[in-house]
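1. got a sequence here, can you build the structure:
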Amino acid sequence: MTDAPWDARLAARGKRGDPGNQAPKSAAVTRRPDHHSEGTIVVPMIQVYMLSGRSEEQKRQLMEGITDLMVNICGSRRERVGVVVHEVEAGNWSRGGVPLADESLASTGRPEL
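-> Have a look, this model is predicted:
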């Protein structure tokens with residue numbers, strides 16, 4: 001599939017309902033950008049990287065909130081939205097070349113991101 005934006009691919013193919021501007025029958029069928037060439041749905045997968053230390057309830061609320069945003073803003077189907085939370089220890093994350101574990105800690109006990 002081409003890297004061209006979806007709208008550009010539609011424009012190149014021709015507008016629907018305009019018989020004088022249709023792609024030849026031998027052209028590949030243009031699919032929605034959330035479908036593989038076989039027609040299967042691509043699952044929206046959102047990955048969140050954050051410092052470890054949040055409670056299970058906070059992570060649950062974060063995952064629910066992100067899912068709600070994908071449904072409300074992008075029109076995704078709730079059951080197809082995936083969210084993965086990657087928790088990283090402060091010693092394994094750096095900013096400006098300095099591990100976050102070496103930075104001064106905010107009142108929360110965690111480096112400010």
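2. how about residues contacting the helix or strand residue 67 falls within?
-> Element membership of residue 67, judged by DSSP states H and E, is helix 56-74. Helix 56-74 is contacted by residues 44, 46, 48, 54, 76, 77, 78, 81, 83, 85 when judged by Cβ atoms under 8 Å, 6 or more residues apart in numbering. Quick note: C-beta positions are derived from backbone N, CA and C, even for glycine.
3. got the domain ranges for this protein?
-> Domain ranges of the chain: 1-39, 43-113, per automatic domain parsing.
4. worst mean pLDDT among those?
-> Sorting those by mean pLDDT places domain 1-39 lowest, at a mean of 52.
5. stretch 46-55 spans what distance, first to last residue?
-> The straight-line separation of the ends of stretch 46-55 (Cα to Cα, to the nearest Å) is 19 Å.
6. go through it and flag the buried ones.
-> Neighbour-count burial for stretch 46-55, counted by 16 or more other Cβ atoms under 10 Å, picks out 50, 51.
7. who does the very next helix or strand once past the helix holding residue 67 touch, helix- and strand-wise?
-> Once the chain leaves helix 56-74, the next helix or strand it forms, by DSSP H and E, is strand 82-88. When contacts are defined as 3 or more Cβ pairs under 8 Å, 6 or more residues apart in numbering; DSSP states H and E, strand 82-88 sits against strand 45-51, helix 56-74.
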